[in-house]
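Chemist: Generate coordinates for the sequence data below:
(one chain, ligands or ions: 1)
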Amino acid sequence: MSDARRQLLEAILGDITRLAVDAIVNAANASLLGGGGVDGAIHRAAGPELLEECRRISGCPTGEVRVTRGYQLPAHWVIHAVGPVWEGGGRGEEALLASCYAHAIREAARVEARSIAFPSISTGIYGYPVDRAAPVAVRAVRETLEAAPSVERVVFTCFDERTLSVYEELLG
Ligand code: ADP
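Modeler: As a prediction, the model looks like this:
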């Protein structure tokens, strides 16, 4: 049975590559071969072995995740999530985004990560409006945590003040 009092959701302003949590989530693209934004930052901080491991995985469909080790990162695991490109909202973007967060929580539980940090998936280069994405993220995480009581701490890591304020409002 889940115990909501033991599962802390928080929003912080910061660089996800610096966080000493068990798992960080990457906003990856379907090739898993690196890109810009948070993906580029994670690969730079983890070192070349991360790309080596990603090359051995043959990509990842949108809405799904793949797990690798964290190498030089403080985090032990990287959960690579492929968010949807925003195309106006009528292409199943919301379900695909929710699916990324839900799969990431399930994978965190599977690898016995007790703490997990998310970036704001899809709201950078992929163009998903943050005021639409953040409620989807928080709802999917809350729902999935009910079946993942071993995950104790979820950190929504915001890279700009506007994203932080949207999350702070949602988390209260
Ligand atoms: P996507 O292609 O999924 O939109 P981006 O990396 O372009 O992914 O952006 C996702 C979010 O991650 C954006 O809010 C961006 O500002 C943020 N971001 C970029 N670098 C970092 C970082 N080092 N730590 C945390 N968040 C970051």
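
Chemist: Remind me what the helix ranked longest in the chain packs against, helices and strands.
Modeler: Ranked by residue count and defined by DSSP state H, the top helix of the chain is helix 93-110. Contacts defined by 3 or more C-beta pairs under 8 Å, 6 or more residues apart in numbering; DSSP states H and E place helix 93-110 against strand 23-28, strand 65-69, strand 77-82, strand 115-118, helix 130-145. From N, CA and C alone the C-beta is placed, and that goes for glycine too.

Chemist: The same query, at a cut-off of 10 Å, please.
Modeler: The contact analysis (3 or more C-beta pairs under 10 Å, 6 or more residues apart in numbering; DSSP states H and E) places helix 93-110 against strand 23-28, strand 65-69, strand 77-82, strand 115-118, helix 130-145, strand 153-158.

Chemist: okay, it in CSV with CA atoms only?
Modeler: Provided in CSV are the C-alpha atoms of helix 93-110 (Å, rounded to 0.1, in the frame of the first residue of the first chain):
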residue,chain,number,x,y,z
GLU,A,93,0.7,14.6,-27.2
GLU,A,94,-0.9,14.6,-23.7
ALA,A,95,-1.1,10.8,-23.5
LEU,A,96,2.4,10.4,-24.8
LEU,A,97,3.8,12.9,-22.3
ALA,A,98,1.9,11.2,-19.4
SER,A,99,3.3,7.9,-20.6
CYS,A,100,6.9,9.1,-20.3
TYR,A,101,6.4,10.1,-16.7
ALA,A,102,4.5,7.0,-15.8
HIS,A,103,7.1,4.7,-17.4
ALA,A,104,9.9,6.6,-15.8
ILE,A,105,8.4,6.1,-12.3
ARG,A,106,7.9,2.4,-13.0
GLU,A,107,11.4,1.9,-14.2
ALA,A,108,12.8,3.8,-11.2
ALA,A,109,10.9,1.3,-9.0
ARG,A,110,12.2,-1.6,-11.0
